[in-house]
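> Here is my input; please provide its structure:
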Amino acid sequence: MIRMVRLSVSQLAGALLLAGAATIPGQETVLQIDPAQTKVEFTLGDILHTVHGAFQLKRGNIRLDPATGKASGELVVDATSGASGNSSRDHRMHSAILESDRYPDIVFRPDHLEGKLAPQGPSQVQVHGIFTIHGTDHEIVLPADVQGEGGRYTAALHFVIPYVKWGLKNPSTLILRVSDKVEITIHTVALPAK
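Predicted coordinates:
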């Protein structure tokens, strides 16, 4: 579950970077996602209560050709940073679900941006790419609400990852039953690369 969240965060960051790049017509644009201004949060429902947690973004950069929508780069989330506030639950998540010692990174590699990104004001875009978690690639499209202002882009993404369908273990027990999907919310900032 945590790995999925990481990837999702990476994907969100990618969406923001791509969105920023789309605003400069005719030239390839390179954007950097600021890890210090990025929040990757996950929500997992169960019968008794809802589990909330977060991951940290390691790094991210995106190259975008606004004329074609073609994109490249990568966003990397630290799978080992996943935390829900419960040490035994987090230990199980890292050792049995994400296997974060073996798969320490969740990565999103964008390849295409759909939609127009406004240099000023709100925009809605979709970022297509490959999300790698637990050593396996998954094609995904991430919706992003982006706000442009003076070359800076803030983005918010909310999406669902079907982690069990993607091959990760379900942490349910005989007593505790959790959803086979995890919701990811990402808030980030993308800036022109220097």
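> how about the helices of the chain, start to end?
The residue ranges that make up the helices of the chain, judged by DSSP state H, are 2-21, 87-92.
> Buried residues, the last one. List them.
Judged by neighbour count (16 or more other C-beta atoms under 10 Å), helix 87-92 contains these buried residues: residue 89. (Each C-beta comes from the backbone N, C-alpha and C, glycine too.)
> What is the neighbour count of residue 69?
18 (other C-beta atoms under 10 Å).
> In space, what's closest to it - neighbours in sequence excluded?
Spatially, and ignoring its direct neighbours in sequence, residue 69 is nearest to residue 113 (4.9 Å; C-beta to C-beta, 6 or more residues apart in numbering).
> which of the helices of the chain has the lowest average pLDDT?
Of all these, the minimum mean pLDDT falls on helix 2-21 (a mean of 44).
> gap between the residue nearest to residue 69 and residue 132?
When distance is defined by C-beta to C-beta, to the nearest Å, residue 113 is 19 Å away from residue 132.
> rewinding a little: pretty sure the residue nearest to residue 69 sits against residue 125.
Yes. In this structure residue 113 lies within contact range of residue 125 using C-beta atoms under 8 Å: 5.9 Å.
> In terms of neighbours, single out the busier of the two.
Between residue 113 and residue 125, counted using other C-beta under 10 Å, residue 113 has the larger neighbour count: 28 against 22.
> Return the set of residues that bridge with that one.
Judged by DSSP bridges, the bridge partners of residue 113 are residue 127.
> any idea how far it is from residue 102?
As for residue 113, its distance to residue 102 is 32 Å (criterion: C-beta to C-beta).
> and if you look at residue 35?
Separation of residue 35 from residue 102 (C-beta to C-beta): 23 Å.
> Show me which of these two is the more surrounded one.
Comparing residue 35 with residue 102 by other C-beta under 10 Å, the one with more neighbours is residue 35, at 20 against 10.
> who's in contact with residue 178?
When contacts are counted by C-beta atoms under 8 Å, 6 or more residues apart in numbering, residue 178 touches 44, 45, 46, 51, 170, 171, 172.
> If anything else comes up later, I'll come back, but that's it for now.
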